[in-house]
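Q: Coordinates only, no sequence provided:
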């Protein structure tokens, strides 16, 4: 995909999600503000290896996935529409907002095709010209919120009424997910973009993000949703039983320790059981200073009920 946006005076559609959400997998609102300032100063942006790998993967696979997507759409509309790929030669701009969208592809549907609406699970009718956004990933089979915002920014800039995210994900299948233009979301995008340019012009940083609060995504779209919910329910049930049995175990141990103490016993036999409660002696150790440790992190797994 050719890039048509000028980072010194325009936000490309791929940068807008970080502005709207505050943070994505690849960037933050403040990082994007700094990127624009650096572009105006002639300072190049150095991307992470993760971001560079993702971009390189997408560039190599994009053309093939566009052709694959057109073929899939042609099969969907085999009896109801003719599908044609529209050549893209320029970006779509809203100069007053400082927005520019470089689309991966545009699709012309002569007739109608029917696809499932990802929000309502009902049917969506697509006709005329639409946007096609290509995504390749090793983790997702359904568009993330930031990817939807990118597509909606493209629809806002181009004036197109619908678009499709073609995502080639972990399952190694191509999933075509259609979206109609969302005027409410477009309003939020315009508001956040206007705020962005104000902060750039005034050299006003965004407030620090609460990095202690992880980025939350919704998984209700997963085709395996019911299976994942069942696993979560099983985990929650098992966790509750472990907690209950742990408390029971502690109560039983305290009761048996009392019996052993009353009978001045370290080892005792009763019925088919042997109960051991010996005294364990520790050798004296000199005082020592605990060496310094570098900061580290770990994941703390937990499942809890959502607030209604």
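A: In hand now; what should we look at? As the structure is a prediction and not an experimental result, all values here were calculated from the model.

Q: which intervals of the stretch 1-150 of the chain have sub-threshold pLDDT?
A: Within the stretch 1-150 of the chain, the ranges that satisfy pLDDT under 70 run 1-2, 46-55, 58, 139-140.

Q: nearest residue to residue 57 other than its sequence neighbours?
A: Nearest non-adjacent residue to residue 57, counting by CB to CB, 6 or more residues apart in numbering: residue 136, 5.3 Å away. The way it works is simple: take the backbone N, C-alpha and C, and place the C-beta from them, glycine included.

Q: Dihedrals phi and psi, the one you found?
A: Note on residue 136: backbone dihedrals following degrees, to the nearest 10 are phi -120, psi 140.

Q: what's the answer for residue 292, then?
A: phi -70, psi 150.

Q: re earlier: tell me, how many residues neighbour the residue nearest to residue 57?
A: 18 (other CB atoms under 10 Å).

Q: thought it was touching residue 59?
A: No. In this structure, residue 136 is not within contact of residue 59 by CB atoms under 8 Å, at 9.5 Å.

Q: For the stretch 151-300 of the chain, just list every one of the helices.
A: Under the criterion DSSP state H, counting those that start in this stretch, helices of the stretch 151-300 of the chain are mapped to 183-201, 225-262.

Q: Let me see the contact set for residue 179.
A: 118, 148, 151, 152, 155, 162, 163, 164, 165 (CB atoms under 8 Å, 6 or more residues apart in numbering).

Q: Report whether the expected contact of the second one with residue 165 is present.
A: What it means is residue 148. Yes. Residue 148 lies in contact with residue 165 (CB under 8 Å); the separation is 7.2 Å.

Q: From the neighbour counts alone, determine which of those two ranks first.
A: Ranked by neighbour count (other CB under 10 Å), residue 148 and residue 165 place residue 165 first, with 24 against 20.

Q: Show the contacting residues for the more buried one.
A: Going by CB under 8 Å, 6+ apart, residue 165 touches 133, 135, 143, 147, 148, 151, 176, 177, 179.

Q: run the last query once more with 10 Å
A: 69, 104, 118, 131-135, 142-144, 147-148, 150-151, 175-179 (CB atoms under 10 Å, 6 or more residues apart in numbering).

Q: ok, now residue 293?
A: Residue 293 sits next to no residue when contact means CB under 10 Å, 6+ apart.

Q: quick one: it from residue 117, how far?
A: 52 Å (CB to CB, to the nearest Å).

Q: do the same with residue 246
A: For residue 246, the distance to residue 117 - CB to CB - is 46 Å.

Q: out of those two, which sits in the more crowded spot?
A: For residue 246 versus residue 117, the count of surrounding residues by other CB under 10 Å is larger for residue 117: 14 against 10.

Q: Where does the record place the domain boundaries for this protein?
A: Residue ranges for each domain of the chain read 11-201, 225-276, as given by automatic domain parsing.

Q: what's the closest of those to residue 286?
A: Of all the domains of the chain, domain 225-276 sits nearest to residue 286, with 29.4 Å by CB to CB.

Q: picking that back up, name whatever forms a beta bridge with the residue nearest to residue 57.
A: residue 168 (DSSP bridges).

Q: And residue 108, by the same measure?
A: For residue 108, the beta-bridge partners are residue 84, residue 129 (DSSP bridges).
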